[in-house]
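Colleague: this one's structure only:
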């Protein structure tokens with residue numbers, strides 16, 4: 001079936017990892033065999049993931065081998081130093097640097113100074129060693145790496161140097177100073193990180209980006225380089241939707257948010273707008289409800305738990321991806337929240353699942369790629385994420401349309417973002433870079 005076309009796929013986030021970072025590579029692995037490519041997966045053994053979803057293991061094709069290389073991570077030491085719970089995701093513990101305790105500041109300084117490009121650098125020697133063995137055993141034609149963590153690209157870079165195989169680097173986020181990277185590093189560490197990023201861009205045969213802004217960010221920082229990048233957006237899996245039974249909580253107008261709530265996805269203005277609306281019209285509590293499905297930063301969770309919101313706002317801790325989709329399909333309106341300016345040049349992966357579910361979207365986002373896609377498709381309402389007055393008016397307009405039985409969005413075709421279609425585009429690029 002596959003002939004000699006195999007691709008070595010390097011990804012830290014892979015089942016049983018949960019969360020959004022796992023979906024992109026997992027879906028490529030799921031659908032590449034339909035385009036004549038057999039994935040060979042290289043991931044981490046015993047990794048300290050922020051979330052786990054063992055149901056995702058069922059999506060890996062039975063004949064796709066998954067190899068796991070040893071990794072040394074600092075998170076157990078970090079939790080011991082800062083007093084964090086052993087089950088608490090590190091990325092959920094803090095909002096801003098000025099909110100950190102002394103022990104957290106010390107830990108963050110150590111991370112920014114010594115863990116370059118990221119805290120998974122301890123995986124590099126073991127993954128390169130196993131990667132070389134796999135290349136000799138499996139004889140892949142192409143190497144693929146997915147980041148963040150950016151250590152994955154260093155592994156791909158090393159294997160490319162050692163073997164000469166074509167290599168594609170897939171950026172789900174950009175690198176230096178981006179959402180998933182430290183904003184500050186001491187100068188020697190920043191210089192090292194810059195050189196790492198530059199070497200990756202020089203060494204790869206093709207760059208994929210999940211948002212056009214990622215490609216532009218890399219270009220702006222390395223204008224002296226000439227490298228090709230392809231926009232390959234995230235998507236939704238129609239096959240998965242067809243197997244999900246919608247979970248409807250009540251007959252109220254249900255708003256749903258799926259995914260993490262943190263400093264760059266902060267519903268503070270939405271909660272304030274809702275609070276004001278309930279103060280003006282208490283009877284609204286009998287008509288609407290808001291569900292936040294996933295991990296929530298503790299400081300934001302306190303805002304959700306104020307007494308006036310308790311009959312309207314509900315938080316459901318992290319659930320499997322399938323269960324999260326069942327809540328989405330059972331809701332009336334999907335919430336997209338991207339309040340941090342750094343999100344202007346990227347797109348939340350959940351947008352595409354909202355589009356695939358064909359739910360009207362209340363998008364609390366700044367102008368950028370996400371707003372452009374929603375506006376182009378007519379898929380929802382776009383409101384500035386910090387504008388309490390405008391958010392409250394949007395809520396009023398939505399419930400009025402709902403009560404009058406009006407359609408909350410125009411019909412649109414999101415099929416260009418279907419995972420199988422996007423994997424076909426990946427397969428075409430892999431064909432192009434074959435020697």
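Modeller: In hand now; what should we look at? These numbers were taken from a predicted model, which means no experiment stands behind them. Numbering: from 1, shown residues only.
Colleague: State the distance from residue 176 to residue 423.
Modeller: The span separating residue 176 from residue 423 equals 29 Å under the rule C-beta to C-beta, to the nearest Å. Every residue, glycine included, has its C-beta placed from N, CA and C.
Colleague: My guess is residue 363 contacts residue 381. True?
Modeller: Yes: with contacts counted by C-beta atoms under 8 Å, residue 363 reaches residue 381, the gap being 6.7 Å.
Colleague: Comparing those two, which shows the higher neighbour count?
Modeller: Between residue 363 and residue 381, residue 363 has the larger neighbour count (other C-beta atoms under 10 Å), namely 25 against 21.
Colleague: mean confidence for the host helix or strand of the more buried one?
Modeller: Counting by DSSP states H and E, the element that carries residue 363 is strand 361-365. Mean pLDDT, strand 361-365: 96.
Colleague: Show me what secondary structure element comes after it.
Modeller: Immediately after strand 361-365, counting by DSSP H and E, sits helix 369-377.
Colleague: List the buried residues of that following helix.
Modeller: Applying a neighbour-count criterion of 16 or more other C-beta atoms under 10 Å, one finds 369-371, 373-374, 377 buried in helix 369-377.
Colleague: Then stretch 269-277?
Modeller: Quick answer for stretch 269-277 (16+ other C-beta under 10 Å): 269-271, 273-275, 277.
Colleague: what's the burial count for the residue lying closest to residue 131 once chain neighbours are set aside?
Modeller: The shortest distance from residue 131 to any non-neighbouring residue, by C-beta to C-beta, 6 or more residues apart in numbering, is to residue 159 (4.9 Å). When neighbours are defined as other C-beta under 10 Å, residue 159 has 24 of them.
Colleague: which residues sit against the helix or strand encompassing residue 159?
Modeller: Assigned by DSSP H and E, residue 159 belongs to helix 151-163. By C-beta atoms under 8 Å, 6 or more residues apart in numbering, the residues outside helix 151-163 that reach it are 8, 10-12, 42, 117-118, 120-121, 123-124, 127-128, 131-132, 135, 143-147, 165-167, 169, 196, 199-200, 203-204.
Colleague: could you flag which of those are buried?
Modeller: Buried among those by 16+ other C-beta under 10 Å: 8, 10-12, 42, 117-118, 120-121, 123-124, 127-128, 131, 135, 143-147, 165-167, 169, 196, 200, 203-204.
Colleague: returning to that earlier point: including distance to residue 411 and pLDDT, could the buried residues of stretch 269-277 go into a markdown table?
Modeller: Shown next, in a markdown table, are these (distance: C-beta to C-beta, whole Å; pLDDT from 0 to 100):
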| residue | distance to residue 411 | pLDDT |
| --- | --- | --- |
| 269 | 30 | 97 |
| 270 | 27 | 97 |
| 271 | 31 | 97 |
| 273 | 28 | 97 |
| 274 | 29 | 96 |
| 275 | 34 | 96 |
| 277 | 29 | 95 |
